[in-house]
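[1] below is the sequence, then the predicted model.
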Amino acid sequence: MVSEQQIQEWADEAEAGYDVDELKRRGRGRPGRGAAPMQVVAVRLTADELDALDAAAAKNHMSRSEAIRAALAQLSA
């Protein structure tokens, strides 16, 4: 839950105004991985395949996406 104090702090911050240059500098969305735009590719996996992917990713301290990219890089090398 949000406390009354937090609401008041947000209101005070809004009333004081925001630094537009700072807000623009932070950017939006996920950080890019390169100069070229990326594409999202949908892949259908069985429950067993997804479990195996999650296990491999966790073992290597990776996200699902990182594990898939690593596997693709190895396959295409």
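    Thanks, I have the structure now. Numbers count the residues shown, from 1 in each chain.
[2] confidence score at residue 30?
    Note for residue 30: predicted pLDDT of 66.
[3] which secondary structure elements does the helix or strand where residue 66 lies contact?
    Residue 66 belongs to helix 64-76 when assigned by DSSP states H and E. Contacting helix 64-76 under the criterion 3 or more CB pairs under 8 Å, 6 or more residues apart in numbering; DSSP states H and E are the following elements: helix 47-59. In short, each C-beta sits where N, CA and C put it, glycine included.
[4] list the buried ones in the helix it packs on?
    53, 57 (16 or more other CB atoms under 10 Å).
[5] quick one: mean pLDDT over it.
    Rounded mean pLDDT across helix 47-59 is 96.
[6] helices or strands up against it?
    helix 64-76.
[7] got the CA coordinates for the helix it packs on in PDB?
    Backbone C-alpha positions of helix 64-76 (Å, rounded to 0.1, in the frame of the first residue of the first chain) are rendered in PDB as follows:
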ATOM      1  CA  ARG A  64      15.400 -17.000 -20.900                       C
ATOM      2  CA  SER A  65      16.200 -14.500 -23.600                       C
ATOM      3  CA  GLU A  66      19.900 -14.600 -22.800                       C
ATOM      4  CA  ALA A  67      19.900 -18.400 -22.900                       C
ATOM      5  CA  ILE A  68      18.200 -18.500 -26.200                       C
ATOM      6  CA  ARG A  69      20.600 -15.900 -27.700                       C
ATOM      7  CA  ALA A  70      23.600 -17.800 -26.400                       C
ATOM      8  CA  ALA A  71      22.200 -21.100 -27.900                       C
ATOM      9  CA  LEU A  72      21.700 -19.300 -31.200                       C
ATOM     10  CA  ALA A  73      25.200 -17.800 -31.200                       C
ATOM     11  CA  GLN A  74      26.700 -21.300 -30.500                       C
ATOM     12  CA  LEU A  75      24.600 -22.900 -33.200                       C
ATOM     13  CA  SER A  76      25.600 -20.300 -35.800                       C
END
